[in-house]
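# just to be clear, the model below is a prediction. Sequence and coordinates:
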Amino acid sequence: NGLPIPSSDTSSYCKARGRLNIHFLNAIHQRLRSHLSSRITSENQWHGLTLMAMDGSSVHFMDTEENQLLYPQPSVQKNGSGFPTMGIVGLLNLGHGGWEHIETCPHTRHDTKAAATLATHLKTGDLLLADRAFCSYELIARCLGQGAHILMRLHQVRAKSLDWKKGKRLSSYERLVTWQRLQQPGGSDLTREEWNALPATLELRLIKLRYENRAREKSELIVVTTLTDPVRYYGIELADLYARRWDIELKLRDFKTTLGMERFAVKTPDMAHKTLWMSIIAFNLIRSLMQRAATVDAIPVWHISFKGVLDLVTASHEGFRKHAGKPRKRKEAFNRFIGICATKRIDLRPFRSE
């Protein structure tokens, strides 16, 4: 066509990304998060509570001096032999499968320190599921302060020193116990005044069950919850609910592996933060399509495959160009697209051994 050959230099793209404002990206995320939350139905809740999950992971960057300064590589690696590593701790809404918020920190910093900030994004009617690393007096108190409840595995230190005879007996496998606020632990970021402002006691419910671990050995699981009513919230049902915490592990896999975001090709922490929020927006947009498809087909949103919908989006988005300026045809094409999304189901294969 007599046009100049496109340049192979990608600097213009990098400069355009650099001009993006992090507050603008956060505003997009908040709008999208509100959109997802507004379409949660009672079928996606548990006893009227919205399930949340919290967990941590990490991503790698390009090996530059700026990245190493804020997010150093693991100390076990020699200088020049590893990549800067940023820790991420996320709060996932299991009602729609999208991210509510993500905090960043050096990978050496414990997840529970970033979790304190994530707890401010909880609200009344939320039930937080988390593993034993997050089971601390401070975090439970923060969640209660937000009006939310928790369901966590008991921390291994408390589990070792646990006297099952203490507290009020609810059943052969349940106890109602009271935790006392002790002196401020050395690892807490709270000031003395903030620590003393926490409740002096916490009334909690312990549920102990036996299960078979991955090595097919008999093991013991103790979960702790602020849902203390044994009639309204049945103990066995709560223990089974704790298994839903594993969903966040699958969503982290979708976020890092399926979207290809295990390593950010960025030279500065500022660009790493922008890339992270763009990735979250992309992830939640896919979850929005899945949520809409699930509503149209009247199926649970977690029955739809993230990878299947992502592949469909990648294969289909160019097809919408021919409908530009034609709202009726565009709407028809989108409705067909949503119908196909609903067919991208996850195969349920119980008792499969891998």
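Nice, thanks for sending it over.

# from now on I want contacts and neighbour counts done on CA atoms only, so please keep to that.
OK.

# next one: the helix or strand containing Glu193 to chain centre, how far?
Using DSSP states H and E, Glu193 sits in helix 192-196. Centroid separation for helix 192-196 versus its chain: 29 Å, with Cα atoms, centre = their mean, to the nearest Å.

# how about stretch 332-342?
28 Å.

# please shift the residue numbers so they start at 39 in all later answers.
Okay, using 39 as the starting number, the last item reads as stretch 370-380.

# list the buried residues for that stretch?
Phe375, Ile376, Gly377, Cys379, Ala380 (16 or more other Cα atoms under 10 Å).

# which SS state does Leu259 fall under?
strand (DSSP: H, G, I helix; E, B strand; the rest coil).

# and which of the buried residues of stretch 370-380 is nearest to Glu212?
Ala380 (41.2 Å; Cα to Cα).

# still on that earlier bit, the next helix or strand after the helix holding Glu231 - contacts with which helices or strands?
Moving toward the C-terminus from helix 230-234, the next helix or strand (DSSP H and E) is strand 239-250. With contacts taken as 3 or more Cα pairs under 8 Å, 6 or more residues apart in numbering; DSSP states H and E, strand 239-250 sits against strand 212-218, strand 256-263, helix 273-279.

# same list (these) but as a markdown table, adding distance to Leu89, mean neighbour count and mean pLDDT.
Formatted as a markdown table, the helices and strands packed on strand 239-250 follow (distance: least, Cα to Cα, whole Å; neighbours: other Cα atoms under 10 Å; pLDDT from 0 to 100):
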| stretch | distance to Leu89 | mean neighbour count | mean pLDDT |
| --- | --- | --- | --- |
| strand 212-218 | 22 | 17 | 92 |
| strand 256-263 | 13 | 17 | 89 |
| helix 273-279 | 10 | 15 | 89 |
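
# okay, those in TSV with distance to Arg248 next?
Listed next are those as TSV, based on distance: least, Cα to Cα, whole Å:
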stretch	distance to Arg248
strand 212-218	13
strand 256-263	4
helix 273-279	10
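
# the helix or strand harbouring Leu165 pairs with which strands, parallel or anti?
Counting by DSSP H and E, the element that carries Leu165 is strand 164-168. Here strand 164-168 has these sheet partners by DSSP bridges: strand 88-98 (parallel), strand 187-191 (parallel).

# which residues does the helix or strand following the last one contact?
Moving toward the C-terminus from strand 187-191, the first helix or strand encountered (DSSP H and E) is helix 194-198. Defining contact as Cα atoms under 8 Å, 6 or more residues apart in numbering, one finds that helix 194-198 is touched by Arg170, Ile260.

# please export the C-alpha coordinates of helix 194-198 as PDB.
This file holds the C-alpha atoms of helix 194-198, laid out as PDB (Å, rounded to 0.1, in the frame of the first residue of the first chain):
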ATOM      1  CA  GLN A 194       0.300 -24.600  64.700                       C
ATOM      2  CA  VAL A 195       1.800 -22.800  67.800                       C
ATOM      3  CA  ARG A 196      -1.700 -22.600  69.400                       C
ATOM      4  CA  ALA A 197      -2.500 -26.200  68.200                       C
ATOM      5  CA  LYS A 198       0.500 -27.600  70.000                       C
END
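
# run through the neighbouring helices and strands of the very next helix or strand once past it.
Per DSSP H and E, the first helix or strand lying C-terminal to helix 194-198 is strand 206-209. Judged by 3+ Cα pairs under 8 Å, 6+ apart, strand 206-209 is in contact with strand 212-218.

# okay, now the sheet partners of the strand it packs on, with direction.
strand 206-209 (antiparallel), strand 239-250 (antiparallel).

# strand 88-98 and the top helix by length along the chain, what's the angle between them?
For the chain, the longest helix by residue count, based on DSSP state H, is helix 307-335. Interaxial angle, helix 307-335 versus strand 88-98 (axes from the mean of the first three to the mean of the last three Cα atoms, to 10 degrees): 140 degrees.

# for helix 307-335, what is the average pLDDT?
Averaged over helix 307-335, pLDDT sits at 94.

# go on, stretch 287-294?
92.

# try stretch 48-64
Rounded mean pLDDT across stretch 48-64 is 90.

# chain center to it, what's the gap?
25 Å.

# got it, and stretch 177-188?
Using Cα atoms, centre = their mean, the offset of stretch 177-188 from its chain centre is 17 Å.

# endpoints of it, how far apart?
End-to-end distance of stretch 177-188 (Cα to Cα, to the nearest Å): 9 Å.

# who touches stretch 284-301?
91-93, 95-99, 130, 132, 135, 317-318, 321, 344-345.

# 10 Å instead?
With contact meaning Cα atoms under 10 Å, 6 or more residues apart in numbering, stretch 284-301 is reached by 90-100, 121-124, 128-132, 135-137, 167-169, 310, 313-314, 317-318, 320-322, 340, 344-345, 348.

# for stretch 212-223, same thing?
175-176, 179, 202-208, 228-230, 232-234, 236-247, 260-264, 266-268, 273-274.

# can you show me the CA trace of stretch 325-332 as CSV?
These are the backbone C-alpha positions of stretch 325-332, laid out as CSV (Å, rounded to 0.1, in the frame of the first residue of the first chain):
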residue,chain,number,x,y,z
ARG,A,325,-14.6,-13.0,35.8
SER,A,326,-17.3,-10.5,34.8
LEU,A,327,-18.0,-12.4,31.6
MET,A,328,-18.1,-15.7,33.5
GLN,A,329,-20.5,-14.2,36.0
ARG,A,330,-22.8,-13.0,33.3
ALA,A,331,-22.7,-16.3,31.4
ALA,A,332,-23.5,-18.2,34.7
